[in-house]
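>>> Give the three-dimensional model of this entry:
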Amino acid sequence: MSAQMQPALETFPAFCEGIQYFADSFPEIDRLGTAPLLGPNQPALPDAISEAAVYQTLLAADALRYLTLQITGSKSSGHPGGFASSADAVAALHLLGHRNMVTEVGHHAPGFYSAMFLDTSLEDMGIHTVAEMRTRFRERHGLLGHLSGAIPGLLAPAGPLGQGQHFAMAGAYLHRDKLFPVTIGDGGLGEPYIMSAFQHFATAYPDVTNYLPVLVWNGYSQEHHSMVSLWDNTRMTDYWRAHGFDDVHLIDARDFADTPGAPVYTDSTTFGFAARMAFTGAVLKACAAAAKSALSGRRACLIIKQLKGAGVHATGAKSHNLYAHHTLDSDDVKSGLQRRALPAKAWAITRENFRHAGGGPAARVAVTESVRDLPSLDGLPLTEFAVGENHVPTTAFGNVVGEVGRRDPMFVVTNADGNEASGMANINKALTIRHPTADELYFQGPSGQVYEPLNEDACAGLAVGVALFGGRSLWCSYESFAINGLPIWQTVTQAMAELRRPTPATVCLFTAGALEQGRNGWTHQRPEVESYFAAMMRNGNVYPLFPVDANMIQASYGWALKQKNKGIVITASKSPLPVRTSLAQGEAAIEQGAIVLHEHAGKKSVVFAVTGDMVLQPVFAAAEKLAESGIGSRIVAVVNPRRLYRPGDVLWGSVSEPDGRFMDDDSFKAMFHGDVLLGISGGPSAPLEPVLLRSQAAQRDVFCWKRGETTASPQQLFDFNGMNAQAMSARALAMLERTAS
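Below is the predicted model of the structure:
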């Protein structure tokens, strides 16, 4: 078989324009490639062990490898090597009709794009030919470097390692009749979260098995050998069995090598035709068996052991990334393309097989390509607490959460450190902690809706995965511990900004703020996490909410439940606090962004702009001290700071489900204008940025969290951080003196 440059236009299908090399022949194509095995009435290979099925799967794997190298080489950029060693399994699963595929590896993106090109999904974004795919790879409004929410047919984003398994499990949870394969790299297997997440999910949901991990065990990570490269097959198999997998299918390319002395990690594309067919046949058979197990109640995984870079320009870690010197004219890329070149007939067969696999293009049949029906939440009962009474905000919130779960049986609440510890035992009582041991004392049982792995990544992962895939969820966490779950929350929230369909907002509640955790010391005092969300507000779809009381927190959650494609973070206390607003006032504050809680006239005016609830106590006390000196004050609760930015500060117009509502200048001036502005936060100052940007006060300053300490009361923490009433009033008076001079 030899490769030639692109033949005349009339001799190959139109979609092949841009393919640089075609083979003049391919073994057995006239016998086994006479017609595609899939078609309008045949969504999967009719016989996974037939010679023709193996052959056409081999063609599909080679097509994926070729396209991956062709498009990355066209930009001298991207990552062909990791996907190349998985191509056999990916091709097999697609042709077996399993189109709901996700990945843990963002660097496999060009291979996933190649599959979506072959099945015509990319035509939805105007990509009809290989030439167009080459042009738009790694370009804005094109095929992003890593998977995102913008690409037709692809279910989930892929960025930081250790995340893809959550999407597979969330999809399996919501759609029990479909298989959700997830490819996992052995470089990423070193992430601590992957296997623990599988283990806990398997224990909590023993009846949900329709996800299929596909380990791409190729011996290398991004720039070196993988940390599991020295394991033998028995150890790897035992590792997966120990984490709850019943059926472990391991296909080792070395077992099929047709030359003596094959290395431990072997490139199957270097084998002769018969050996290649044997290897592909084993992969196809294992994929079919693993899929059958997963769809019939047994946890299964598939392990493909093959050298990284199989069939592309290089092998090992050197195949991972293309650099500027890797052009389509460089010897390594050019020879790689020529080795994998296929005849035009093979491309036509492969295109038809992909186009009909699973019933049509993934952009039509994948579960995330349509809006999922949800039970109605109209008329949720909210409790109106009387202004002046003391109530626990999180407990009021928990009552609403319980009703959401009663109405929506697929609704999931996740929490690593316990709802009861956050004043929300009512959630557990209403919805039950999902646990194999039934115990009424702890409100736990095998059919609960509260998912409690002691791992914030697993909590955040399932919650955001369910939201991304069209369901309702809630991630509850101590503010101090949430940081371990934020990377996947950020990944999904950013993907929601790019989605082509509306999906429920991903909602979090962070409780037990630093001020309530004095005796636990700094380990439980991490309000700096709020800076993370403050920075994300400028994305356009992120909304940190700071309700001030038990009424407003209910209004906050009611608002969040109506939102689409947003990331919403509610931060509140678990201590009894004064009710300062009505439900109607709370709803108005969320929509407008802020609310005036207190106003006292005086010879000068000090404005307190406050995020938080407990921190209002020293602020009100400071206002009283100022009143004793004849100084007026206005206390404004900054409830939804995203609303307080200027429209040009936020990329709101670039996101799905855009929300362009911002407080107008007159309303802002009426709330925040004064002789002095003091921004006050029980956490960091970052959420107050929009107020500080727009304020025209001659004197502005902030009081905010500095550092945690072991204390016996919130007041001692206020004192330690210089945030007590005395300090605030003294600072305000000093600033007023400066304005007078």
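>>> okay, CA-based contacts and neighbour counts for the rest of this
Noted.
>>> The top helix by length along the chain - what's its average pLDDT?
Scanning the chain for the longest helix, with DSSP state H as the assignment, gives helix 51-75. Computed over helix 51-75, the mean pLDDT rounds to 97.
>>> again, but for stretch 33-48
Rounded mean pLDDT across stretch 33-48 is 96.
>>> mind checking the end-to-end distance for it?
With C-alpha to C-alpha, to the nearest Å as the measure, stretch 33-48 spans 15 Å from end to end.
>>> so where does residue 214 fall, helix or strand?
Here residue 214 sits within strand 211-217, counting by DSSP states H and E.
>>> Oops, could you answer that again for residue 637 instead?
Per DSSP H and E: strand 632-638 holds residue 637.
>>> Show residues contacting that strand.
546, 548, 593-612, 619-620, 623, 626-627, 671-672, 688 (C-alpha atoms under 8 Å, 6 or more residues apart in numbering).
>>> State the next helix or strand along the chain beyond the longest helix of the chain.
helix 81-84.
>>> Which SSE is immediately downstream of that following helix?
Once the chain leaves helix 81-84, the following helix or strand, as judged by DSSP H and E, is helix 87-95.
>>> So what's the residue count around the nearest residue to residue 237 once chain neighbours are set aside?
In this structure, residue 237 finds its nearest non-sequential neighbour in residue 248, 6.4 Å apart by C-alpha to C-alpha, 6 or more residues apart in numbering. Around residue 248 there are 20 other residues, counting by other C-alpha atoms under 10 Å.
>>> now swap in residue 739 and tell me
Using other C-alpha under 10 Å: residue 739 sits among 13 other residues.
>>> buried ones in the helix or strand encompassing it?
Taking DSSP H and E as the criterion, residue 739 maps to helix 725-740. By 16 or more other C-alpha atoms under 10 Å, the buried positions in helix 725-740 come out as 725-729, 731-733, 735-736.
>>> Next: stretch 414-427.
Result for stretch 414-427 [16+ other C-alpha under 10 Å]: buried residues 414-419, 422-427.
>>> again, but for stretch 686-699
Within stretch 686-699, the residues that qualify as buried are 686-692, 694-697, 699, counting by 16+ other C-alpha under 10 Å.
>>> got the buried residues of stretch 414-427 as a markdown table, with secondary structure columns?
A markdown table is the format used below for the buried residues of stretch 414-427 (DSSP: H, G, I helix; E, B strand; the rest coil):
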| residue | secondary structure |
| --- | --- |
| 414 | strand |
| 415 | strand |
| 416 | coil |
| 417 | coil |
| 418 | coil |
| 419 | coil |
| 422 | helix |
| 423 | coil |
| 424 | coil |
| 425 | helix |
| 426 | helix |
| 427 | helix |
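>>> one step back: and the buried residues of stretch 686-699, which is closest to residue 475?
Distance to residue 475 across the buried residues of stretch 686-699 (C-alpha to C-alpha) is lowest for residue 687, with 20.7 Å.
>>> Spit out the contact partners of residue 483.
The contact partners of residue 483, by C-alpha under 8 Å, 6+ apart, come to 456, 529.
>>> I misspoke; the intended subject was residue 300.
Contacts of residue 300 (C-alpha under 8 Å, 6+ apart): 209, 212-213, 245-249, 290-291, 293-294.
>>> Go again with 7 Å.
Counting by C-alpha atoms under 7 Å, 6 or more residues apart in numbering, residue 300 makes contact with 212, 245-248, 290, 293-294.
>>> How about residue 229?
Taking C-alpha under 7 Å, 6+ apart as the definition, contacts of residue 229 comprise 219-220.
>>> Need the phi and psi values for it.
phi -70, psi -20 (degrees, to the nearest 10).
>>> where does residue 477 land in three-state SS?
Looking at residue 477 with three-state DSSP, the answer is strand.
>>> May I have the predicted confidence score for it?
With respect to pLDDT, residue 477 has a value of 89.
>>> Please report the distance of it from residue 279.
Residue 477 is 47 Å from residue 279, by C-alpha to C-alpha.
>>> Just the pLDDT at the residue nearest to the spatial centre of the chain, thanks.
Centroid-nearest residue in the chain, with C-alpha atoms, centre = their mean: residue 492, separated by 2.9 Å. Looking at residue 492, its pLDDT stands at 96.
>>> Am I right that it sits in a helix?
Yes: assigned with three-state DSSP, residue 492 falls within a helix.
>>> For burial, what's the neighbour tally of the residue nearest to it when sequence neighbours are not counted?
Of all residues beyond its chain neighbours, the one nearest residue 492 is residue 464 (6.5 Å), with distances taken as C-alpha to C-alpha, 6+ apart. By other C-alpha under 10 Å, 32 other residues sit near residue 464.
>>> could you pull out the helices for the stretch 251-400 of the chain?
273-294, 331-340, 344-356, 362-365, 393-407 (DSSP state H, counting those that start in this stretch).
>>> Turn these into a markdown table, including distance to residue 657 and mean pLDDT.
A markdown table is the format used below for the helices of the stretch 251-400 of the chain (distance: least, C-alpha to C-alpha, whole Å; pLDDT from 0 to 100):
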| stretch | distance to residue 657 | mean pLDDT |
| --- | --- | --- |
| helix 273-294 | 36 | 98 |
| helix 331-340 | 42 | 95 |
| helix 344-356 | 30 | 97 |
| helix 362-365 | 20 | 97 |
| helix 393-407 | 23 | 97 |
